[in-house]
Every structure is written in C-alpha cells, then in structure tokens.
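Participant: could you work out the structure for the sequence below:
(one chain, ligands or ions: 2)
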Amino acid sequence: MLGGDQEPGNYYVGVDVGTGSVRAALVDQRGILLAFADQPINQWEPQFNHHEQSSEDIWAACCVVTKQVVQGIDVNQIRGLGFDATCSLVVLDKQFRPLPVNHEGDAHRNIIMWLDHRAVSQVRRINETKHSVLQCVGGVMSVEMQAPKLLWLKENLRETCWDKAGHFFDLPDFLSWKATGVTARSLCSLVCKWTYSAEKGWDDSFWKMIGLEDFVADNYNKIGNQVLPPGASLGNGLTPEAAKDLGLPAGIAVAASLIDAHAGGLGVIGADVRGYGLACEGQPVTSRLAVICGTSSCHMGISKDPIFVPGVWGPYFSAMVPGFWLNEGGQSVTGKLIDHMVQGHAAFPELQAKATARCQSVYAYLNSHLDLIKKAQPVGFLTVDLHVWPDFHGNRSPLADLTLKGMVTGLKLSQDLDDLAILYLATVQAIAFGTRLIIEAMEAGGHSISTLFLCGGLSKNPLFVQMHADITGMPVVLSQEVESVLVGAAILGACASGDFASVQIVVKFEEMQRTHETRNQFQDAVKENSVERQRGRNTK
Ligand SMILES: Nc1ncnc2c1ncn2[C@@H]1O[C@H](COP(=O)(O)OP(=O)(O)O)[C@@H](O)[C@H]1O
Ligand SMILES: O=C(CO)[C@H](O)[C@H](O)COP(=O)(O)O
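Facilitator: Ligands and ions are numbered 1, 2, ... in the order given. Down below sits the predicted model:
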C-alpha cells in the first residue's frame, strides 16, 4: 500500500461545496470513505440569470457536516483537511465581512454563483479585445468566469460593493482562508477562472485593457498575489477559531483547494481498471476523460503537452493532476436541465405521487416506467420522434455561445406520464450527445480518448450512464466509491498532511477502489438486430 509509513487509522476530511448542498467525508489512508454527511444550502435568484449565495450560510453548513462525519472517532487521528467548491465569486470588505452583490444591498448574499449570467455585456467586451490570455480558455472567455463578474460589480455596484471591497475569492479559496486565515490562492482556481499563468503570473496588460487596472495598481492584493499548488499545506493549518467551528483539532494541515470538477477528476481519473478488458487498460491516463456530472457537467481531459481546443477551456498546466495539461469541456446545465424538464411537465404531480407511493426517487420511477413502455427495442429507441437541443443556459462547450437556447421538437397534444418519461429520456440523450460533441472537438484538437470516468450526482442515474455509453460509443467506468469528488478533496488533505509526497502519488489511492464498467448496449442491440436481420434473410 502506498505511503506505507503512515500509522494505521490516519484519517482525512474532505469537504465538497456543490451548487445545491455541502458534503463532507471522513476518508482513511487507503482512500476508503468511512463517513458521509450532507446539508442543503440556499440559492437566491433575485432576477433572471442572477444566481447568488451566502458565504456565511455555506461556512455554517460546512461546520454541520464536518462535525457529523467525525462523530465517534478520535479526532486526534485526523491528519488533514481539504476543500473543493464550485467556482463562485465571494466578495468581502477590508475586514473580511460580506458585501452585497445585488441591487437590494443584501450583504448576506455576497456570492455571485458560477452559473450566473449577469455579465453578458462585460464578457462581450472582454472577448472583443482578443487578448492573448483568451488562448488559455479555448479562445472565448465564458460569462461564468470571474473577470466579467468583477467588471460587472465595478460598473453596477460601485459604491455599495466595489469601493468597499477588500477581497475577491473563488469559493474554494474562501473556504481555505476561513479555515486557516491564509489568503493564498490555489493555482487551480486562479489559472482556470482568473487568467493567472502558472509560469508568468498575472498579465497586467489584460486587466488594464478590460478596465480593471485597479488590481494592477494594488499589486493584486484583492485577488491574490500568493499562489500555491493544490494540496500544498497552508500557513499553520487550522486556526483555533475554525477548529471550534468545525469540531476538528486546531493545527491540523489544511490544503490549498480545488474547484469541484477538478476534485472529481482527481478522485476518479487514476482508478485501477485492470481485469475488465477496457480499452484504457495499459493505456496512458491521457486516454481517460473524467466527466463530473451534477447540476452541470464538466469534461476533464489531460495531456502531457498543451492542446488548444477551440471552445473548450484550457490548456491549463497542473490545474488538476500535477505535471499534466488540462482541457475542460462543459455543459452549464445538465442535472439542472433534467430537473427543469421533469418538474415543469404537466404530469409531474402524478409522477411525484406515484414515485412517493413506491418510496422511489422520481428518476428511479421514470427509469422503470421507460422499461415498462419500451417495445422490443432498447429503451433509447423510444425517442425516434422527439428530440431536445439542451442549450437552455447557453452552450459552454464546444460552441462557447451564451446566446444559444434550448429546443424541443416532436411534441404532441398529450401530456401524460408516458410523454413526461419520453421527454426526460430525450433530455438525457441530448446531454449525452453534447458530451459526444465535446469529445469530438477535443479529439480534433489532439486528444485521444477511449474511456469515460463518470462521477457526481448524475452518475447515480443508470439511464444517464447508459445513454452516455450508447451515444459516445465508449465504455463508462464508475468507481465503487460514488462520492469521488469528496475523495478528491480528502486527497488534498492527505497531501497537505505530508503523509503523501504529492497529489499525484495520492491519486493512486484509487488503486484500492474496484471499478465496474457499463456495456454499450446500444451498439450490442444494433449488432443483434443486424444479426437477426441476417438470420431472417438466411432462413427465407
Ligand atoms: N441518485 C440520483 N439519481 C438521479 N439523479 C441524481 C441522483 N443524485 C443526484 N442527482 C441529480 O444530480 C444533480 C445534483 O448533482 P450533485 O453532484 O449531487 O450536486 P452539485 O451539482 O450540487 O455538486 C441534481 O440534478 C440531481 O437531480
Ligand atoms: O465551472 C465549474 C467547474 O469548472 C463549476 O464549479 C461547475 O460547473 C459547477 O459544479 P456542479 O454542477 O457540481 O455544481
């Protein structure tokens, strides 16, 4: 076992702040998840395309779930703590107090969430500059990144927010600051969402060109001028105040953080797949694509040399696995889109009642209903007359066009449970086709991908997984530990503790995890059908 010099019973805590909830896990030195807790967090949408959260609300939820997962153990055996979170923008004043990011002046809502699309005008102007930093985000900056949102705050909330601001954090970095009092930022967040270069640092000309010369004058104090690799140990570790909040011992190692998709990628991409006859067995890790699918989906592909893929974020150096370049494709709404389509359908109340009666989730019920109504052919053929274009919140990758909208064709007058189930299936398939489009763009750029490694909430939906296998034509690997994002966060804590020399070595934690593969039934079905037809011909 790697890192054999650890004492038995070393524990690490991972905290994952997703869009809808905060999760924590207790993980041992074998990478086995021993305890899990989750806590919902609030989201506000004060107007269309404005999505806000509260850093105080999120920290309070972190404290609840962390205390829960360490119940019953000797907390002195906890060696490290790691955070991952969505790439949302946190705004604090010079005394680290929350500032409002809204016209109502509500300082409790001091976070502009990752999926917020308020800064449309700002990102258009940024992209019109054609500045060279845009070559590190696939050529087009997303409205979901931090520069457009910062520019929006300066142009729209000058007095109530911008002039009073002392610190702008990516949410993962806010959490590590809250835990240690250290304002150092993670290389992951700054490189992926702020245009920071691992080799050259900040580019003064970019910030001056887009009208945020304030940061240059201030020597980047407000957005970070001390940058550490993910997994580096921060300051003197957990402060006594944060230790009390979290129910952990003061002084334990706290790691420089990761964005949630990157933690998920770290948690699955190194899995040991020997013995399953998979195409990626014995292949380099660069043949693997990690897809972290929750509210959104993020497609994480790594390479030894930088690969530029138009419309796909990156190339980013060492932003997920040290020593590798990263390209990140994405679909801004996937789980959120499926929830939207299902909950907005006329038959949803009937579905809810029937699922509740069976003590099932609505998705488990829908999946079984589809099996009930499918004919002789695989379930995927039920949507031959109904199709969905999934860009209800713009297209993140590979078209990188925030103005695109969603579309449904093939609707009838009926709105019964069968129609809802088939619309749900068509939405799942549309998302899988979006993944295929991203893979094709990445392969055109130079990637060579053979196998998908899925994690995140949607990886718990067998239909979602099967449609990805069928439509991409690739095997899908699910790790035995479904909470892979949390394993990724705990890996950070393990690295910061010094029990493991680097994140990369720790990635091999996964050798302890078994994996199982989902066969590509669609291709098998097509083959069987063609065999049937051939048999039919031969017997005629
Ligand atoms: N067991 C499940 N079956 C089907 N869908 C699920 C399941 N668990 C979560 N989801 C879906 O995954 C999405 C949330 O993903 P998750 O990774 O848990 O959260 P976050 O996006 O906050 O990180 C939601 O759209 C939810 O409907
Ligand atoms: O842009 C991101 C990652 O690069 C966001 O953090 C991610 O898309 C949101 O994650 P989730 O869907 O799990 O809430």
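
Participant: can you name the residues that contact the residue sitting nearest the centre point of the chain?
Facilitator: In the chain, the residue lying closest to the centroid (C-alpha atoms, centre = their mean) is A261, at 3.0 Å. If you count contacts by C-beta atoms under 8 Å, 6 or more residues apart in numbering, A261 has them with I292, C298, M300, E328, G330. Every C-beta, even on glycine, is put in place using the N, C-alpha and C of the backbone.

Participant: for the stretch 51-200 of the chain, which residues are neighbours of ligand 2?
Facilitator: T86, C87, W114, E144 (C-beta under 6 Å from any ligand atom).

Participant: can you rerun that using 8 Å?
Facilitator: Applying C-beta under 8 Å from any ligand atom, one finds that the stretch 51-200 of the chain approaches ligand 2 through A85, T86, C87, S88, W114, L115, E144, C192, K193.

Participant: for the residue in the stretch 51-200 of the chain that ligand 2 sits nearest to, give me its contacts.
Facilitator: Of the stretch 51-200 of the chain, the residue with the smallest distance to ligand 2, taken as C-beta to the nearest ligand atom, is T86 at 3.6 Å. In this structure, T86 makes contact with V17, G18, T19, M113, W114, L171, I259, D260, judged by C-beta under 8 Å, 6+ apart.

Participant: swap in 10 Å and give it another go.
Facilitator: Residues in contact with T86 (C-beta atoms under 10 Å, 6 or more residues apart in numbering) are 16-19, 53, 58, 111, 113-115, 144, 170-172, 259-261, 294-296.

Participant: also P310?
Facilitator: Neighbours of P310 in contact, by C-beta under 10 Å, 6+ apart: G138, G139, V140, S397, P398, L399, A400, A441, A444, G445.

Participant: of those, closest to ligand 2?
Facilitator: S397 (10.7 Å).

Participant: around that closest one, how many other residues sit close by?
Facilitator: 28 (other C-beta atoms under 10 Å).

Participant: just say helix, strand or coil for it.
Facilitator: Following DSSP: H, G, I helix; E, B strand; the rest coil, S397 is assigned to coil.

Participant: please name the nearest non-neighbouring residue to it.
Facilitator: In this structure, S397 finds its nearest non-sequential neighbour in G329, 4.1 Å apart by C-beta to C-beta, 6 or more residues apart in numbering.

Participant: are any of the contacts of T86 buried, and which?
Facilitator: With burial judged by 16 or more other C-beta atoms under 10 Å, the buried subset of those is 16-19, 53, 58, 111, 113-115, 144, 170-172, 259-261, 294-296.

Participant: mind checking which of the residues you listed are in helices?
Facilitator: In helices, defined here by DSSP state H, the members of the buried ones among the contacts of T86 are I58, L171, P172, D260, A261.

Participant: and these as CSV, adding pLDDT?
Facilitator: Formatted as CSV, those follow (pLDDT from 0 to 100):
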residue, pLDDT
I58, 98
L171, 98
P172, 98
D260, 98
A261, 98
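
Participant: for G410, see how far away the residue nearest to the centre of the chain is.
Facilitator: 32 Å (C-beta to C-beta, to the nearest Å).

Participant: sheet partners, orientation included, of the helix or strand containing G329?
Facilitator: Secondary structure assigned from DSSP states H and E places G329 in strand 325-331. Using DSSP bridges, the strands paired with strand 325-331 in its sheet are strand 297-303 (antiparallel), strand 313-317 (antiparallel).

Participant: return that strand as CSV; C-alpha atoms alone will do.
Facilitator: Extracted as CSV, the C-alpha positions of strand 325-331 are listed here (Å, rounded to 0.1, in the frame of the first residue of the first chain):
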residue,chain,number,x,y,z
TRP,A,325,-2.1,20.0,-19.0
LEU,A,326,-5.9,20.1,-18.6
ASN,A,327,-8.7,20.9,-21.0
GLU,A,328,-12.1,21.3,-19.5
GLY,A,329,-15.3,20.9,-21.6
GLY,A,330,-18.6,21.7,-20.0
GLN,A,331,-22.4,21.8,-20.2
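
Participant: and which of the residues of the stretch 51-200 of the chain next to ligand 2 is nearest ligand 1?
Facilitator: Nearest to ligand 1 out of these is T86 (C-beta to the nearest ligand atom; 7.2 Å).

Participant: how about the contacts made by the residue of the stretch 351-500 of the chain found nearest ligand 2?
Facilitator: Residue of the stretch 351-500 of the chain nearest ligand 2, by C-beta to the nearest ligand atom: G456 (5.9 Å). Going by C-beta under 10 Å, 6+ apart, G456 touches 18, 260-261, 264, 268, 290-298, 334-335, 464, 482-485.

Participant: not counting sequence-adjacent ones, nearest residue to it?
Facilitator: Nearest to G456 is G294, by C-beta to C-beta, 6+ apart, at 4.0 Å.

Participant: any idea how far the one you found lies from ligand 1?
Facilitator: Distance of G294 to ligand 1, computed by C-beta to the nearest ligand atom, to the nearest Å: 3 Å.

Participant: repeat that for S132.
Facilitator: 33 Å.

Participant: so which bits of the stretch 401-540 of the chain are right by ligand 2?
Facilitator: Residues of the stretch 401-540 of the chain lying near ligand 2 (C-beta under 8 Å from any ligand atom): G456, G457, V485.

Participant: which ones among these are found in helices?
Facilitator: V485.

Participant: which among the residues of the stretch 401-540 of the chain next to ligand 2 gets closest to ligand 1?
Facilitator: Of all those, the one with the least separation from ligand 1 (C-beta to the nearest ligand atom) is G457, at 2.4 Å.

Participant: isn't the closest one up against D16?
Facilitator: No - here G457 lies out of contact with D16, judged by C-beta atoms under 10 Å, at a distance of 11.2 Å.

Participant: anything in contact with each of the two?
Facilitator: Residues touching both G457 and D16 (C-beta under 10 Å, 6+ apart) are G294, V485.

Participant: tell me who's in contact with the residue lying closest to the residue of the stretch 51-200 of the chain closest to ligand 2 once chain neighbours are set aside.
Facilitator: Once flanking residues are discounted, T86 sits nearest to W114: 4.7 Å by C-beta to C-beta, 6+ apart. Applying C-beta under 10 Å, 6+ apart to W114 gives the contacts 19, 51, 53, 85-89, 142, 144-146, 149, 170-171, 193, 259-261, 295-296, 332.
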